[in-house]
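>>> 3D, please:
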Amino acid sequence: MDPVNRISSTARISLELPKDPTPIFHLEGVAKRFGAIWANRNISVDFLEGEIHALVGENGAGKSTLLKLLFGHIQPDHGRIYWRGRRVAFHHPFQAQRVGIGMVHQQLLIFPRLGTLENIIVGAETSRFGWLNKRRTRSRIAALCEQFGFDLPLDIPASELTYAHRQQ
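Prediction:
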């Protein structure tokens, strides 16, 4: 089986039954090509709430390409992507983030001289006057860390974070 077809199969492990049977993500015939090379071809899959998926394949099999398609880094050449039942076409990661989609990148980009909090808010939307309320933003990030069980030290330089903390 070639690498392109291998990624279209996923093993499903559900920790609990989904509350809503509507897929969070639904991909229908999604394909991406770079010149003569098909990175993804005819990918159709549903991702339900509460499921954990593993995307496994050799280097160059198209795993990262598929995730970049879902997150708006690149656009599919064919097919349709649905988010919570609505067809979407994210043209930038900010659009995906606005609806609650996040991505942990393989190569982490941090600014080692900035603090942890500052690294998190780089690129955050400012208020209508162009300023970011740092106190409110810090409070919101601390609440999210607590909600998701992240023990993330917000007040140290990013260069001092462990690799696990950098991924959070």
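
>>> what about stretch 153-165, start to end distance?
From its first residue to its last, stretch 153-165 covers 8 Å (Cα to Cα, to the nearest Å).

>>> spatially nearest residue to residue 103, not counting backbone neighbours?
Closest residue to residue 103 apart from its sequence neighbours, by Cβ to Cβ, 6 or more residues apart in numbering: residue 71 at 4.6 Å. Every C-beta, even on glycine, is put in place using the N, C-alpha and C of the backbone.

>>> look up how far residue 160 lies from the one you found.
Distance of residue 71 to residue 160, given as Cβ to Cβ, to the nearest Å: 28 Å.

>>> residue boundaries of the strands in the chain?
Along the chain, counting by DSSP state E, strands occupy 12-14, 25-34, 37-47, 51-53, 78-83, 86-88.

>>> what number of residues lie near residue 144?
12 (other Cβ atoms under 10 Å).

>>> residues contacting it?
Residues near residue 144 by Cβ atoms under 8 Å, 6 or more residues apart in numbering: residue 150.

>>> domain assignment for this structure?
1-103, 105-168 (automatic domain parsing).
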